[in-house]
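# pasted the sequence and its predicted model underneath.
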Amino acid sequence: MTAVERRDVQPPARNALARSQRSAVHLELRDSYMLDDPGYIAWQRGERLDRAERTAWWGGWHDAVHEAVGRGVAVRRARVVSEPISDYVRYEYDSTFTNIAAGEVVRWLPRRRATGLALPSTDFWVFDGGQVLFHHFTGNGQLDEDGREYTDDPVLVKLCADAFDAVWERAAPHEQFRPR
């Protein structure tokens, strides 16, 4: 593929992760996603994941990350968040232990500390420094009907890889981040 290309049927990030050999990095820029997510709704009711009950929260994504990390793929996720954080980001923060259990390394950057960084306008993944998967969301946080956009355009790949690295350098590791 050259330039940005949309596809009618696009494999999810899980398939691209399965093909990765060295690295997979994910930058999240929104303060909420899919507010109709059953997990988020349950969290709003006060239900919390029990770390000891792995079978209750471990799923296909966790398997994919665990398998990739086992092959030597470094899987990193950085979240740029507004403060005080939204309820949805609090939900993400509370459940990030599942990402970490699968093998992801997660960092958080308060939006105020991102001032001066040139960031793409949408969430993305960069796989092996050679392919980007953009995620386009609607205003209410749903993945748009044609919300996955892949490119191997070297200019866009470099833009995203550099943006991720800039956020990663400023962001706090999950274990040190104290949301307000």
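Noted; the coordinates are in hand. Numbers count the residues shown, from 1 in each chain.
# what ranges of this structure fall below the confidence cut-off?
1-11 (pLDDT under 70).
# how about the strands in it?
4-6, 23-28, 74-81, 105-110, 123-127, 131-137, 143-151, 172-173 (DSSP state E).
# Throw the ones you listed into TSV and include mean neighbour count and distance to residue 158, thanks.
Just so you know, the C-beta spots here come from the backbone N, C-alpha and C atoms, and that holds for glycine as well. Listed next are the strands of the chain as TSV, based on neighbours: other Cβ atoms under 10 Å; distance: least, Cβ to Cβ, whole Å:
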stretch	mean neighbour count	distance to residue 158
strand 4-6	13	14
strand 23-28	22	13
strand 74-81	22	17
strand 105-110	21	20
strand 123-127	24	9
strand 131-137	20	10
strand 143-151	15	11
strand 172-173	12	25
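# including distance to residue 87, could those go into a markdown table?
Listed next are these as a markdown table, based on distance: least, Cβ to Cβ, whole Å:
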| stretch | distance to residue 87 |
| --- | --- |
| strand 4-6 | 32 |
| strand 23-28 | 16 |
| strand 74-81 | 12 |
| strand 105-110 | 16 |
| strand 123-127 | 19 |
| strand 131-137 | 17 |
| strand 143-151 | 20 |
| strand 172-173 | 20 |
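# of those strands, give the one that comes closest to residue 98.
Among the strands of the chain, strand 105-110 comes nearest to residue 98, with 10.3 Å by Cβ to Cβ.
# that's all I had, so thanks and see you.
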